[in-house]
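Build the 3D model from these lines:
(2 chains)
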Amino acid sequence: QQQVKQSPQSLIVQKGGIPIINCAYENTAFDYFPWYQQFPGKGPALLIAIRPDVSEKKEGRFTISFNKSAKQFSLHIMDSQPGDSATYFCAPGAGMRFGAGTRLTVKP
Amino acid sequence: ETGVTQSPTHLIKTRGQQVTLRCSSQSGHNTVSWYQQALGQGPQFIFQYYREEENGRGNFPPRFSGLQFPNYSSELNVNALELDDSALYLCASSLPRQGDEKLFFGSGTQLSVL
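Model (predicted):
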């Protein structure tokens, strides 16, 4: 089975810190690399996504870094806020494989 | 908020019973995917429907079945419920054949099997 490995499992940072969440995948045919954000009691919502033709994409405080040769991509949250406290999932490809999730807590 | 709605929001069943969960997709989205999310886990892909046909299935037994209707709404049916079926069931709509793999999720149905 194709694996998707997400790390860390949980992360606690202070307000203003830069949490980094990583995702490793195996299937080299993937051409869509998204991160989803989920709050308690809600379904996941797309946060940011990247195609393999670029190595980095920024949207506001959120940045994806993509390393095709290492088969990894990462989410960076700049100037993190308590409202960013949520669970984050990577889901490379068309959504048939999600990572196990990273529970982020941003302390005020 | 997405345009994806799921019903009911909560459901309690007993082991051995059958359950039907419903999903209305975002307007114009012809593809619906269903997921099972256990507490503290990532969503697990159950199956996907495109224009009323099953278009991919995850590692779930045949007692998990589905339907998609001409208006692209969908149902997930689970027969012979087991205790381990207790989870949040999510549906998501998308337009992958139009080059847009973005998934729009509903808020889910929380199923408890006693």
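
which ones are touching residue 28?
The chain I'm using is chain A. When contacts are counted by C-beta atoms under 8 Å, 6 or more residues apart in numbering or on different chains, A:T28 touches A:K71. (Glycine included, C-beta is placed from N, CA and C.)

switch to chain B, that's the one I care about
Contact analysis of B:G28 by C-beta under 8 Å, 6+ apart lists B:L95.

Then the one 5 residues further on?
By C-beta under 8 Å, 6+ apart, B:S33 lies in contact with A:G95, B:F45, B:I46, B:F47, B:Q48, B:Y49, B:C91, B:A92, B:S93, B:S94, B:L103.

That one pairs with what?
Per DSSP bridges, the residues bridged to B:S33 are B:Q48, B:A92.

Mind telling me what element A:F66 is part of?
strand A:62-67 (DSSP states H and E).

for chain A, what spans make up the helices?
Assigned by DSSP state H, the helices in chain A number zero.

how about the residues of it near chain B?
Proximity of chain A to chain B, by C-beta under 8 Å from any C-beta of the partner chain, involves residues A:1, A:6, A:32, A:34, A:36, A:41-46, A:49, A:89, A:91, A:93-101.

Where do the strands of chain A begin and end?
For chain A, the strands defined by DSSP state E occupy A:4-7, A:10-14, A:20-25, A:33-38, A:45-50, A:56-59, A:62-67, A:72-77, A:86-90, A:102-107.

The ones you listed: which one's closest to B:Q41?
Among the strands of chain A, the nearest to B:Q41 by C-beta to C-beta is strand A:86-90 (10.0 Å).

angle of the closest one against strand A:72-77?
Put simply, strand A:86-90 runs at 150 degrees to strand A:72-77, going by axes from the mean of the first three to the mean of the last three C-alpha atoms, to 10 degrees.

and the residue of chain B found nearest chain A, how many neighbours?
Proximity to chain A, evaluated over chain B using C-beta to the nearest C-beta, is greatest for B:F105 at 3.1 Å. For B:F105, the neighbour count with other C-beta atoms under 10 Å in any protein chain shown is 26.

My read is that it contacts A:A45, right?
Yes - when contacts are counted by C-beta atoms under 8 Å, B:F105 is listed as touching A:A45 (6.7 Å).

Turn the contacts of B:S33 into JSON lines, including neighbour count.
Output for those, formatted as JSON lines (neighbours: other C-beta atoms under 10 Å in any protein chain shown):
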{"residue": "A:G95", "neighbour count": "25"}
{"residue": "B:F45", "neighbour count": "22"}
{"residue": "B:I46", "neighbour count": "22"}
{"residue": "B:F47", "neighbour count": "20"}
{"residue": "B:Q48", "neighbour count": "25"}
{"residue": "B:Y49", "neighbour count": "26"}
{"residue": "B:C91", "neighbour count": "31"}
{"residue": "B:A92", "neighbour count": "27"}
{"residue": "B:S93", "neighbour count": "27"}
{"residue": "B:S94", "neighbour count": "24"}
{"residue": "B:L103", "neighbour count": "28"}
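
Thank you, goodbye.
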